[in-house]
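1. quick one: sequence plus predicted model below, questions after.
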Amino acid sequence: MASGLDRRSVIVTGAGSGIGRAAALAFAAEGARVVLADIDADGAEMAVKEIEEQGGTAVAVAGDLSDQTVVDQVVATAVARFGGVDVLVNNAGIMDRMSAVADVSDAEWERVIRVNLTAPFLLTRAVLPHMLQAGKGSIVNTASEAGFRGSAAGAAYTASKHGVVGLTKSLAVMYRNQGIRANAIAPGGTATGIAVDLEDGAHGPAALGPYFGNVGRVSQPEEQAAAILFLASDAASNINGVILPVDNGWSAV
């Protein structure tokens with residue numbers, strides 16, 4: 001089945017590297033017009049250049065996506081340049097320090113929740129009027145194995161990704177009769193540049209360590225991007241509210 005993504009307007013966050021970059025390139029290769037949003041301006045611009053060199057259409061918007069002003073700029077750019085928003089990929093995220101609850105600082109908690117959960121909420125809220133007016137739209141969130149279990153990350157990251165799962169399912173129910181689908185991927189170990197700043201001797205990393213033997217093969221960003229592309233495409237037209245593990249069976253262990 002054809003993807004139906006040709007000439008679609010797509011926003012991808014965290015598009016300057018890793019899964020987001022791979023997804024942006026994959027959408028562009030299908031003929032979509034892509035807004036690449038990332039706090040890393042250079043990374044986003046380099047990805048845009050690569051897309052354009054391959055004959056695609058893309059534009060970068062740099063900024064912190066937990067800032068409403070940046071969110072508004074991203075959506076306004078998609079509407080002005082490409083006529084609307086057909087697909088939103090909420091992919092941008094940060095790791096915590098694998099901290100146990102008793103050790104999580106206010107700053108760590110608030111930053112991780114703000115970037116991983118509040119930013120997707122803000123972007124989704126901003127694109128919904130455009131999707132509702134068009135009578136269609138697809139939202140794909142990047143959750144995590146940490147959205148299924150308590151043994152894949154620290155307290156802040158785990159709570160944020162459980163929140164992404166809940167947000168995805170709520171969207172699917174609330175808007176399924178208005179032509180809007182919401183799904184998420186749940187990556188396992190993936191070769192990206194996301195950083196984990198571990199504190200030596202902290203309880204969280206020590207408690208979690210024994211569970212990481214179940215991770216299995218580390219995936220490439222392109223494997224995650226392929227799942228995002230599928231969920232956003234017309235090939236997944238009757239798939240809504242699904243949290244799709246892309247983890248080489250980790251969630252089955």
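-> Yep, it's here.

2. Thr158 reaches Ala146, doesn't it?
-> Yes - Thr158 lies in contact with Ala146 (C-beta atoms under 8 Å); the separation is 4.6 Å. Just so you know, the C-beta spots here come from the backbone N, C-alpha and C atoms, and that holds for glycine as well.

3. identify the contacts common to the two.
-> Common contact partners of Thr158 and Ala146 (C-beta atoms under 8 Å, 6 or more residues apart in numbering): Ala152.

4. pick out the residue nearest the middle of the protein.
-> The centroid of the chain falls nearest to Asn91 when counting by C-alpha atoms, centre = their mean (1.6 Å).

5. which ones are touching it?
-> Here Asn91 is in contact with 12-15, 19-20, 23, 141-142, 228 (C-beta under 8 Å, 6+ apart).

6. which of these sits closest to Ala47?
-> Ala15 (5.9 Å; C-beta to C-beta).

7. give me the distance between the closest one and Tyr211.
-> Distance of Ala15 to Tyr211, computed by C-beta to C-beta, to the nearest Å: 31 Å.

8. who has more neighbours out of these two?
-> Ala15 (33 against 13; other C-beta atoms under 10 Å).

9. mind listing what that one touches?
-> If you count contacts by C-beta under 8 Å, 6+ apart, then Ala15 has 21, 23-24, 34, 36-38, 44, 47, 60, 91 around it.

10. quick one: secondary structure of it?
-> On the three-state scheme (DSSP: H, G, I helix; E, B strand; the rest coil), Ala15 is labelled coil.

11. can you give me the neighbour number for Glu223?
-> Neighbours of Glu223 under the rule other C-beta under 10 Å: 18.
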